[in-house]
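S.K.: structure for the following, please:
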Amino acid sequence: MKKTVSLVLAIIMIVGVFASVPFTAGAETVINTVAITVTAPVAGQKPSGEAVCGAGYHLHEAVSWYNSTDKENVSADETFEEGKEYAANIFIDPNDGYVFNANGKTSLLTATVNGYNATVLEVYSYSPAEFIHISYRFSAGSSGGDTPPQQIQIINDVNIKGVKAPLAGANASFNADTDDSGYTITDVGWKQDNSWLNESSEFESGTEYSLYVWITADDGYQFSVDSSENSTVNAYVNSKKANVGKYQISDKANKKLVVIYKYVASDEPYTYNVINDNEAEITGYLDSEPIISIPSSIDGYRVTKIAKQAFYDNDDIEEVVFPDTFENIGDEAFSDCSSITDVTFNDGLKEIGFSAFDSCDSLGEVDIPETVESIGASAFSSCHALRHVWLYEGLQTIDGYAFYNCENLKEVSVPDSAFQIISKAFGYKYNASEETQEPVDGFVLSGYAGSAAENYAKNHSLTFNYLPIPVTVKMKKSMFTYTGKAIKPSVTVTDMRGDKLVKDTDYTLVYPKSPVNVGSYTIDVKLKGKYSGVEFALYVIKAAKNPMTVKATAKTVKYKTVKKKNVTVKPLTVKKAQGTVTYKKLKGSKKITVNKKTGKFTVKKGIKKNTYTIKVKVSAKGNKNYESLSKTVNVKIKVK
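M.R.: Numbering: from 1, shown residues only. I've put the predicted structure just below:
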């Protein structure tokens, strides 16, 4: 009987995460193509659970068979029936030192069964995979169904991109594109109610419009259908789930369908979902401006998040600025935005999601704020132009492959706060010619002794640059008063982790010579052991209060003496004064004067009998170690 294969299916399902992949020192071999040989179904024979695998992988479990015609599993005791279709379900594991090349993109991994190409329809998880599941359909013949007359590849998914969503006041755009192979876009149309739009039609705010994209399967391809010839294709427009119109065929040779997606024209260039009564997340962008500033609020809602794939595969965007309200950038939010050159993150951002900026080929540098706590898996992977990355204390986790395949990123400094760094987050790239993952030439990881970064570098055989561990030097007080003796305050030294350093083991102190007089002084804290560098502690000795004392003693002058001549007396006794002492009469009889240098009183001739009170200010100028001081005293002079 003629050998036929009516349908070929290949489904690869990845169920691992980056952290689950064991690291092997040196490069791991990446498997791009898997080739499996099974015993094809022959009418009257029982199914075989055996298969022959290529190098680098092996069977996970015995091959199982499924009757696709009758939609039931085939037991080991049943026999194949001629003309019916059977699917071989094959599960395989990679050997030690090998990984499957699956990074969320179907083009990275291909499969063959019995030498025939099988289509990789979808990758369900991200790289690298722990095992894969391959399903291949045969038509049971009288002598084996392993040689189909025609190789037909089944298209299960259709991805339309580059559609300009309706923005109020803008003209309708009839552009659409796809990166998929196997089908061609033949026409694009917009419809409002029962009327078709043209290039001069303007979208009206709040009005619903339907996008129509007509596509045709290429030679050797066919869109998937069920037994009733209804389309089972999963269709997406700008990464959003779309509807598929009636499958317009009379038989399987006709291969046309239409993808339909409904929009409501908006006044805002951004679409959004409400998270709660106060917050919203951006879900899409309707405009084509190259520089976008994400709004902090929309329709009264505080914008705090970018939703999954909100800007996915948008080649118009060149620069992005985030508002202060932002907290989370969702998975694949800007993935494959190949024109982005600059991103300005906001303080307050907490999380950057899985593949958020994956394959942003033009992005040259990223300055991640200290408020960011986690960077998701593959967040910046395959950013080939990336040369500079700044990370700060506060960052806690860096997931696997976060900066993988960034071959121009030669150095990264990781803060001590990052306690978890998953496999191949830095310093590794994919070598397509050798089909291996290998270290980036000249890559250097900088960090601190005893940190997660040091452990990561050792486990991945990367060069590690030890940064000086920051320390803090404290004194109980830094301001002292002059005493006439040397002042050498004690210090406490702790590192960034709060550990107290031990004097003479972790550091030594060098005090200034003769720290006696008023002035500023520096203590050198010379670090040693696992600590390095010199820190400084500053302290100040300020002037002491002037200890001057002033004593006033009442004086008596005989009238008969002062009647004939001037009389000089010294009623003030000054002790312990620091600096030059001066005297100034503030109040009293004009017939009594005070010498400003000596403080002696002169009672002038002709003064009348009486008791006089003289108010005097006594001032000590002070010096470099003592403050100035003034005291006011009253002195009694009695003339009798």
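S.K.: can you give me the helices in the stretch 451-600 of the chain?
M.R.: 452-459, 559-562 (DSSP state H, counting those that start in this stretch).
S.K.: which of these sits most buried?
M.R.: The highest mean neighbour count among those, using mean count of other CB atoms under 10 Å, belongs to helix 452-459: a mean of 19. Backbone N, C-alpha and C define where each C-beta goes, glycine included.
S.K.: out of the helices of the stretch 451-600 of the chain, which gets nearest to Thr186?
M.R.: Closest to Thr186 of the helices of the stretch 451-600 of the chain, according to CB to CB: helix 452-459, at 50.8 Å.
S.K.: how much distance is there from that closest one to the middle of the chain?
M.R.: How far helix 452-459 lies from its chain's middle: 19 Å, per CA atoms, centre = their mean, to the nearest Å.
S.K.: who touches that helix?
M.R.: If you take CB atoms under 8 Å, 6 or more residues apart in numbering as the criterion, helix 452-459 is touched by 23, 414, 418-421, 425-426, 445-448, 462-464, 466.
S.K.: out of these, the closest to Thr178 would be?
M.R.: Ala425 (32.2 Å).
S.K.: could I have the buried ones of the contacts of helix 452-459 as ChimeraX selection syntax?
M.R.: To isolate the buried members of the contacts of helix 452-459 in ChimeraX, using 16 or more other CB atoms under 10 Å:
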select :414,418,421,425,426,445,446,447,448,462,464
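S.K.: helix or strand with the lowest mean pLDDT in the protein?
M.R.: Lowest by mean pLDDT, DSSP states H and E among the helices and strands of the chain is strand 116-118, with a mean of 66.
S.K.: which is the succeeding secondary structure element to that one?
M.R.: Sequence-wise, the next helix or strand downstream of strand 116-118 (DSSP states H and E) is strand 132-139.
S.K.: roughly how far is that following strand from the heart of the chain?
M.R.: 41 Å.
S.K.: OK, contacts around Glu411?
M.R.: By CB under 8 Å, 6+ apart, the neighbours of Glu411 are Phe443, Val444, Leu445, Ser446, Asn465.
S.K.: in the sheet, who's paired with it?
M.R.: Using DSSP bridges, the beta-bridge partners of Glu411 come out as Val444.
S.K.: so, low pLDDT: which residues of the stretch 201-350 of the chain?
M.R.: 226-229, 246-254 (pLDDT under 70).
S.K.: hmm, what's the outermost residue in the protein?
M.R.: Centroid-distance maximum for the chain: Lys560 at 99.2 Å, with CA atoms, centre = their mean.
S.K.: tell me how far it lies from Thr580.
M.R.: Lys560 sits 38 Å away from Thr580, taking CB to CB, to the nearest Å as the criterion.
S.K.: okay, now the domains of the chain?
M.R.: Taking automatic domain parsing as the criterion, the chain consists of the domains 18-151, 157-264, 272-466, 471-542, 549-639.
S.K.: by mean pLDDT, show me the worst of those.
M.R.: Within the domains of the chain, confidence is poorest for domain 18-151, with a mean of 72 (mean pLDDT).
S.K.: from the contacts of helix 452-459, which is closest to Glu332?
M.R.: The closest of the contacts of helix 452-459 to Glu332 turns out to be Ala425 (CB to CB; 17.9 Å).
S.K.: the closest one against Asn405, yeah?
M.R.: No. Applying CB atoms under 8 Å, one finds Ala425 not in contact with Asn405, separated by 11.6 Å.
S.K.: the helix or strand harbouring Lys617 pairs with which strands, parallel or anti?
M.R.: Per DSSP H and E, Lys617 falls inside strand 610-620. Its sheet considered, strand 610-620 pairs with strand 581-587 (antiparallel), strand 629-639 (antiparallel) by DSSP bridges.
S.K.: now render those as CSV, adding distance to Lys350 and mean neighbour count.
M.R.: Listed next are the strands paired with strand 610-620 as CSV, based on distance: least, CB to CB, whole Å; neighbours: other CB atoms under 10 Å:
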stretch, distance to Lys350, mean neighbour count
strand 581-587, 68, 16
strand 629-639, 59, 17
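S.K.: now the ones you listed as CSV including distance to Thr505?
M.R.: Shown next, in CSV, are the strands paired with strand 610-620 (distance: least, CB to CB, whole Å):
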stretch, distance to Thr505
strand 581-587, 53
strand 629-639, 47
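S.K.: out of these, which comes closest to Ser231?
M.R.: Here strand 629-639 is closest among the strands paired with strand 610-620 (CB to CB), at 100.6 Å.
S.K.: number of residues surrounding the nearest residue to Lys587 once chain neighbours are set aside?
M.R.: Spatial nearest neighbour of Lys587, chain neighbours left out: Lys615 (3.9 Å); criterion: CB to CB, 6 or more residues apart in numbering. Other residues lying near Lys615 total 14 when counted by other CB atoms under 10 Å.
S.K.: again, but for Ala35
M.R.: 16.
S.K.: likewise Asp336?
M.R.: Going by other CB under 10 Å, the residues that sit close to Asp336 add up to 23.
S.K.: need the contact list for it.
M.R.: Applying CB under 8 Å, 6+ apart, the residues near Asp336 are Tyr312, Asp313, Asp358, Ser359, Cys360.
S.K.: please redo it, this time with the cut-off set to 7 Å
M.R.: Taking CB atoms under 7 Å, 6 or more residues apart in numbering as the criterion, Asp336 is in contact with Tyr312, Asp313, Asp358, Ser359.
S.K.: tell me which element it is part of?
M.R.: Counting by DSSP H and E, Asp336 is part of no helix or strand.
S.K.: what about it, distance to Pro439?
M.R.: From Asp336 to Pro439 the distance is 26 Å (CB to CB).
S.K.: swap in Phe326?
M.R.: As for Phe326, its distance to Pro439 is 34 Å (criterion: CB to CB).
S.K.: and these two? which has more neighbours close in?
M.R.: Just comparing Phe326 and Pro439: by other CB under 10 Å the higher neighbour count belongs to Phe326, 21 against 17.
S.K.: so the more buried one makes contact with Thr304?
M.R.: Yes. At 6.2 Å, Phe326 counts as touching Thr304 under the criterion of CB atoms under 7 Å.
S.K.: residues in contact with stretch 461-470: which ones?
M.R.: Residues contacting stretch 461-470 (CB under 7 Å, 6+ apart): 25-26, 413, 427, 439, 443-449, 454, 457, 495-496, 530-533.
S.K.: so Thr602 bridges to which residues?
M.R.: With DSSP bridges as the rule, Thr602 is bridged to Thr568, Thr593.
S.K.: who's in contact with it?
M.R.: Counted by CB under 7 Å, 6+ apart, Thr602 has contacts Asn566, Thr568, Thr593.
S.K.: go with 10 Å
M.R.: For Thr602, the contact set (CB atoms under 10 Å, 6 or more residues apart in numbering) comprises Asn566, Val567, Thr568, Val569, Lys591, Ile592, Thr593, Val594, Asn595.
S.K.: ok, now Thr481?
M.R.: Ile487, Val518, Val540, Ile541, Lys542, Ala543, Ala544, Lys545, Asn625.
S.K.: weed out the non-buried ones from those residues.
M.R.: Using 16+ other CB under 10 Å, the buried ones in these are Ile487, Val518, Ile541, Ala543, Ala544, Asn625.
S.K.: next, count neighbours for Thr505.
M.R.: Thr505: 10 neighbours (other CB under 10 Å).
S.K.: which residue, other than its chain neighbours, is closest to it?
M.R.: Nearest one to Thr505, counting by CB to CB, 6+ apart, is Gly529 at 6.5 Å.
S.K.: that neighbour contacts Val502, doesn't it?
M.R.: Yes. With contact defined as CB atoms under 10 Å, Gly529 reaches Val502; the gap is 9.0 Å.
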